[in-house]
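K.L.:
just a sequence and a predicted model for now, questions to come.
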Amino acid sequence: MRSFAKVLLVAACVVLVAGLANAAVRGDLYEVPKAKVAPVIDGLTDAVWYSVDNVFQTSYNNGSEMPFSLADLTGWSRMLYDDTNIYGLFWTQDDTICDIATNSWERDCWEVYFDADNSKTPGAFDRVDDIQLRFQHASTSPADIETGFGTAGAWLSGDFWALSTWDRAGAGVEIAVLDDTLNTGFFTEVKIPLESLKLDNTPGTPFGFELQQGDNDARLSLVRESISKWWIQDADPSWNDASVFGTAYFSAREVGEELPIYSTPTAPVIDGKADEVWNKNASYFSQNHYNNGSEMPYSSFDMAGGGALMYDDTNVYGLFWAWDDTVCDIATNSWERDCFEVYFDADNSKTPGAFDRVDDIQLRLQHASVANTDIETGFGTAGAWLSGDFWALSTWDRAGVEIAVFDTTVAFETQNETEDNPGRWNGRFRWRA
């Protein structure tokens, strides 16, 4: 099967790029931004989560066997913090969910590992602040959260989790698990008090961190088959060896219900590739809704996407990536071909039921685009702008507008579209709704 990732860049520049970027990972560090608004713990993707990029699990070779496909097991995470809590939103794609194995660690679950002082004790947990938390698919209350301390035993002092009298719910621990409506997987959302993990949320502070999925396909033996990890690439030593954890840090970057766009002192090269300037200056996001088309994608590899935005004194720049295992550019209607659509409303007036003919515009960036003249525009049913419509002027040569599309084998509302069969458009997903 041919696999393509696509990326777009727009400057009153656009780049369609290929490749799945974990933009919430800066270098080798997992970035945890600060929430301006606390998410509601209900398993739903609140608006504050929209501005946090997905961090995909990077290794699926940690269990007794590999998953059969991305539909068998795929996962991503998003993390936030505020003055009191750390928050997690975790997605599991899993076509067979099992909650009945005898051992809880062999049931479908997430495990999150923390080492608050980032000491990463070789071969053990340090009995100071190293901890493993297990969030099962079947979890319904904070009391269902299981803890682990390797083989060393619980913390020698301040172990909130081991105190039998500690009221987890009363202390602010929350968990929600929500199955998606098409039975392709589930969301897990949690809120954990920083104090209970001994975490120092001073911006820039690092801590040891690992994320793990467990998958049981409910075969006769009810034995867990597959494990995925964010950090470690082989085997499964995380439960008893803090030295193999990755590293996360509390970022000074704050996110709210609006998508922030940051300025860049250096313009990117518009070639469809993610220059280092993107990692340094851009705000990244992932698409959040996949139910906007006639059918859902069958897996993340069928369609997943996201992007990044930044600006300078002259241009706005966009870098958009897409995962798509079947690329189609031949449908009769351009809007049914594989593409990104980007929507702008410059004065943020959000006219109900229409485009305002002042500054509302839709830009379609197709996978097949080779020049800025390939960028298509839309104005709803209202018609083009009444004045100053640069895009509608037939004599305008679109000077300064650039677009590049780059395929790889491993493209403001944004809208992804995918067509798996020539002439038939199947899926669409959006950043906001």
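P.N.:
In hand now; what should we look at?
K.L.:
just the mean pLDDT for stretch 364-372, thanks.
P.N.:
Averaged across stretch 364-372, the pLDDT comes to 90.
K.L.:
could you do stretch 68-75 as well?
P.N.:
84.
K.L.:
same check, this time on stretch 350-360
P.N.:
93.
K.L.:
excluding its backbone neighbours, what's nearest Cys109?
P.N.:
Nearest residue to Cys109, sequence neighbours excluded (Cβ to Cβ, 6 or more residues apart in numbering): Gln136, at 4.4 Å. The C-beta positions use only the backbone N, C-alpha and C, and glycine is treated the same way.
K.L.:
state the distance from the one you found to Asn216.
P.N.:
Going from Gln136 to Asn216 by Cβ to Cβ, to the nearest Å gives 11 Å.
K.L.:
more neighbours, those two?
P.N.:
Asn216 (26 against 21; other Cβ atoms under 10 Å).
K.L.:
that one contacts Ala138, correct?
P.N.:
No. At 11.7 Å, Asn216 does not count as touching Ala138 under the criterion of Cβ atoms under 8 Å.
K.L.:
joint contacts of these two?
P.N.:
Each of Arg107 lies in contact with both Asn216 and Ala138 under the rule Cβ atoms under 8 Å, 6 or more residues apart in numbering.
K.L.:
re the thing from before, common neighbours of Gln136 and Asn216, please.
P.N.:
Residues within reach of Gln136 and of Asn216 at once, by Cβ under 8 Å, 6+ apart, are 107-108.
K.L.:
which residue is nearest the centroid of the protein?
P.N.:
Taking Cα atoms, centre = their mean, the centroid of the chain lies closest to Asn54, which sits 1.5 Å from it.
K.L.:
what packs against the helix or strand hosting Lys191?
P.N.:
Using DSSP states H and E, Lys191 falls within strand 185-193. Applying 3 or more Cβ pairs under 8 Å, 6 or more residues apart in numbering; DSSP states H and E, one finds that strand 185-193 contacts strand 85-93, strand 130-136, strand 174-179.
K.L.:
tell me the helix or strand right after that strand.
P.N.:
helix 194-197.
K.L.:
list the strands paired with the helix or strand just after that next one, with their directions.
P.N.:
Next helix or strand after helix 194-197 toward the C-terminus (DSSP H and E): strand 206-215. According to DSSP bridges, strand 206-215 has the following sheet partners: strand 109-115 (antiparallel), strand 226-229 (antiparallel), strand 246-255 (antiparallel).
K.L.:
and the helix or strand following the last one, what does it pack against?
P.N.:
Spelled out, that is strand 246-255. Proceeding N to C from strand 246-255, the next assigned helix or strand is strand 262-263, under DSSP H and E. Applying 3+ Cβ pairs under 8 Å, 6+ apart, one finds that strand 262-263 makes contact with strand 304-311.
K.L.:
distance from the strand it packs on to the middle of the chain?
P.N.:
Strand 304-311 has its C-alpha centroid displaced from the chain centroid by 11 Å (Cα atoms, centre = their mean, to the nearest Å).
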